[in-house]
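K.L.:
My questions are about this predicted structure, shown below with the sequence.
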Amino acid sequence: MTETYEEKIEQLRQIIVKIEDGSTSLDESMKLYEQGAALVKQCETLLAQAEEKITTLSRDA
């Protein structure tokens, strides 16, 4: 099942909380950062797709 934009944003928020709370090791923080960066790229892709769809719909209207 594909995760929604909102689910990805929630995961990103959870990652930020874990990194900022100071209880994770440097290695764990780096892994979380990498996961967060991947989520950001996925969210950017979803937003770009939505923008493209809206642009297409606007032209057709």
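P.N.:
Received it, and whenever you're ready, just let me know what you need. Numbers count the residues shown, from 1 in each chain.
K.L.:
going forward, measure contacts and count neighbours with C-alpha atoms only.
P.N.:
Will do.
K.L.:
Q11: helix or strand, and which one exactly?
P.N.:
helix 5-20 (DSSP states H and E).
K.L.:
got it, and S23?
P.N.:
Using DSSP H and E, S23 falls outside every helix and strand.
K.L.:
contacting residues for it?
P.N.:
Shown in contact with S23 (Cα atoms under 8 Å, 6 or more residues apart in numbering): no residues.
K.L.:
quick one: it and T2, what's the gap?
P.N.:
31 Å (Cα to Cα, to the nearest Å).
K.L.:
in which helix or strand would I find E3?
P.N.:
Using DSSP H and E, E3 sits in no helix or strand.
K.L.:
Which phi and psi values does it adopt?
P.N.:
Note on E3: backbone dihedrals following degrees, to the nearest 10 are phi -80, psi 150.
K.L.:
neighbours around it, how many?
P.N.:
For E3, the neighbour count with other Cα atoms under 10 Å is 7.
K.L.:
again with E28
P.N.:
Residues lying near E28 (other Cα under 10 Å) number 13.
K.L.:
Mind naming the longest helix for this protein?
P.N.:
helix 26-60 (DSSP state H).
K.L.:
How about the residue in this structure that sits furthest from its center?
P.N.:
Distance from the centre of the chain peaks at A61, with 30.7 Å (Cα atoms, centre = their mean).
K.L.:
Please report the distance of that one from T24.
P.N.:
A61 is 51 Å from T24, by Cα to Cα.
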